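Colleague: Starting from these lines, generate the structure:
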Amino acid sequence: MSVKFWQVIMKQGKLSENNRSRVVGLALLATLLLSVQVGSAYLYQVDVRVDPPSVYIGTYTKLNVQVYDGDHPDWVFPNADINVTWTNPDKSKYSINRTTNSTGSIDIGFGPGLPGNYTFVVSSTYDYNTTTYVQAGKQSATSYPVNLSAMYKTGKVGVFRNSTHLFYLDLNGNGAWNGAGVDRTNNFGIKGDIPVFGEWNGTTLTEIGVFRPSTHIFYLDYNGNGVWNGAAVDKQYNFGITGDLPVSGDWNYDHKTNIGVFRNSTHTFYLDYDGNGVWDGAVKDRQYNFGITGDIPVSGDWNFDGRPEIGVFRPSTHMFYLDYNGNGVWNGASVDKQYNFGIRGDIPVSGDWNNDRISEIGVFRPSTHLFYLDYNGNGVWNGSVTDRQYNFGITGDTPIIGDWK
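Modeller: Here you go, the predicted structure:
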């Protein structure tokens with residue numbers, strides 16, 4: 001349960017109390033007017049204005065939130081703290097905190113994908129100046145029906161064959177290679193590359209790419225045609241140093257996948273937070289010390305907040321260590337998540353196997369080219385009836401996961 005606060009601003013004059021909440025079409029307008037007269041001073045309101053919720057098929061729901069002065073709607077306040085609480089159709093509740101940008105606006109994306117009726121509650125406190133008063137207010141909530149079943153982002157398997165630099169992608173999602181006429185194969189990269197994947201262009205489709213360890217250069221299939229068309233059409237980024245391992249995720253939640261690397265020697269993640277393909281330092285980008293030397297990086301939305309978090313897989317003990325709370329630090333298994341899954345020599349994978357909008361773990365066994373996927377998300381292998389086991393690829397392939405279209 002969260003306590004909602006609304007802040008009002010001292011001003012000359014007198015203002016009567018007026019509490020209101022309204023919906024304009026599908027727009028969500030959470031408004032609460034409060035006033036307390038102190039001498040001859042006004043107490044101004046700070047309202048939260050939410051644009052109509054937008055459904056982006058394949059990825060997320062988006063709300064655009066602004067904090068503004070209720071009596072002067074054109075006065076939009078920058079760098080204001082926002083709290084959003086929502087209730088899912090299954091009655092589970094989640095809450096996130098964000099800050100508006102310098103123009104007073106922010107897009108907030110939501111990962112849940114259960115079909116049905118959602119209730120969003122948006123509130124804010126804002127320090128406009130030193131003469132401020134904060135007063136507890138009622139909770140303003142508006143629910144809207146939207147079928148999010150089409151938003152499921154399924155994790156389908158695939159492999160990269162290093163000897164021929166060919167991608168084999170399970171387009172129909174049945175866990176078997178059905179030939180290039182049904183599934184998909186792409187020649188991309190060169191021998192020695194490491195495969196990467198992501199929504200590079202924000203179109204909600206998963207595109208392929210490679211990371212070249214010898215030159216620490218990413219080659220990303222930006223236009224999604226499965227062919228390298230040069231840096232003018234696709235994207236090429238020099239990021240990291242020799243020996244780094246690639247990692248990708250929508251670090252800044254702009255609904256495009258950004259690159260990053262894991263430096264094994266120092267077990268440090270370097271994430272391209274601003275998405276420009278260049279390391280700009282830990283203030284603009286993100287740097288996290290997580291894991292130990294010898295770990296393999298993973299990423300996924302472990303906590304159902306719609307954002308990717310980091311993690312590592314320890315091959316020597318086949319243990320996953322997942323940054324569940326998203327702070328970039330290992331806080332122990334009681335706060336974060338630790339799972340024993342697979343055997344020594346496995347390669348980690350992650351994806352939303354069961355369409356619950358949460359990333360689950362899995363492993364690929366190179367010696368048998370078998371995928372073992374934690375379908376029910378409990379962090380334990382429960383057999384192929386409960387979880388999923390797929391024979392895909394050949395010995396020596398490298399796994400890749402995406403929502404192939």
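
Colleague: Secondary structure element holding the nearest residue to residue 234 once chain neighbours are set aside?
Modeller: Spatial nearest neighbour of residue 234, excluding adjacent residues (CB to CB, 6 or more residues apart in numbering): residue 222 at 4.4 Å. All C-beta spots, glycine's among them, are computed from the backbone N, C-alpha and C. Using DSSP states H and E, residue 222 falls within no helix or strand.

Colleague: ok, residue 222 - how many residues close by?
Modeller: 17 (other CB atoms under 10 Å).

Colleague: quick one: contacts for it?
Modeller: For residue 222, the contacting residues are 200-201, 207, 233-235, by CB atoms under 8 Å, 6 or more residues apart in numbering.

Colleague: quick one: least confident of those residues?
Modeller: pLDDT is lowest at residue 201 among the contacts of residue 222; the value there is 88.

Colleague: That one is in contact with residue 223, isn't it?
Modeller: Yes - the criterion here is CB atoms under 8 Å, and residue 201 meets it with residue 223 at 7.2 Å.

Colleague: sorry, back to before: could you single out the nearest of the contacts of residue 222 to residue 167?
Modeller: Distance ranking of those against residue 167, using CB to CB, places residue 207 first at 10.7 Å.

Colleague: Enumerate the beta-bridge partners assigned to the closest one.
Modeller: residue 198 (DSSP bridges).

Colleague: Does it touch residue 197 like I think?
Modeller: Yes - in terms of CB under 8 Å, residue 207 counts as a neighbour of residue 197; the distance is 6.9 Å.

Colleague: Tell me which of the two has more neighbours.
Modeller: Shown here are residue 207 and residue 197; by other CB under 10 Å, residue 207 has more neighbours (26 against 23).

Colleague: any idea how far that one is from residue 352?
Modeller: 17 Å (CB to CB, to the nearest Å).

Colleague: Same check on residue 344?
Modeller: Relative to residue 352, residue 344 is positioned 26 Å away (CB to CB).

Colleague: if we can go back for a sec, just the buried members of the contacts of residue 222?
Modeller: Neighbour-count burial (16 or more other CB atoms under 10 Å) applied to these gives 200-201, 207, 234-235.

Colleague: Can you flag which of these belong to strands?
Modeller: Judged by DSSP state E, strands contain the following of the buried ones among the contacts of residue 222: 207, 235.

Colleague: The buried ones among the contacts of residue 222 into CSV, with extra columns for distance to residue 244?
Modeller: Putting the buried ones among the contacts of residue 222 into CSV (distance: CB to CB, whole Å) gives the following:
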residue, distance to residue 244
200, 19
201, 24
207, 21
234, 21
235, 18
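
Colleague: Of the buried ones among the contacts of residue 222, which is the nearest to residue 374?
Modeller: After measuring those against residue 374 - CB to CB - the closest member comes out as residue 207, at 25.3 Å.

Colleague: Adding distance to residue 296, write the contacts of residue 222 out as CSV.
Modeller: Shown next, in CSV, are the contacts of residue 222 (distance: CB to CB, whole Å):
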residue, distance to residue 296
200, 22
201, 27
207, 22
233, 31
234, 26
235, 24
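
Colleague: Tell me the one of the residues you listed nearest residue 169?
Modeller: The closest of those, once distances to residue 169 are taken by CB to CB, is residue 207, at 10.8 Å.

Colleague: For that closest one, which residues are in contact?
Modeller: Residue 207 neighbours (CB under 8 Å, 6+ apart): 197-201, 220-222, 224.
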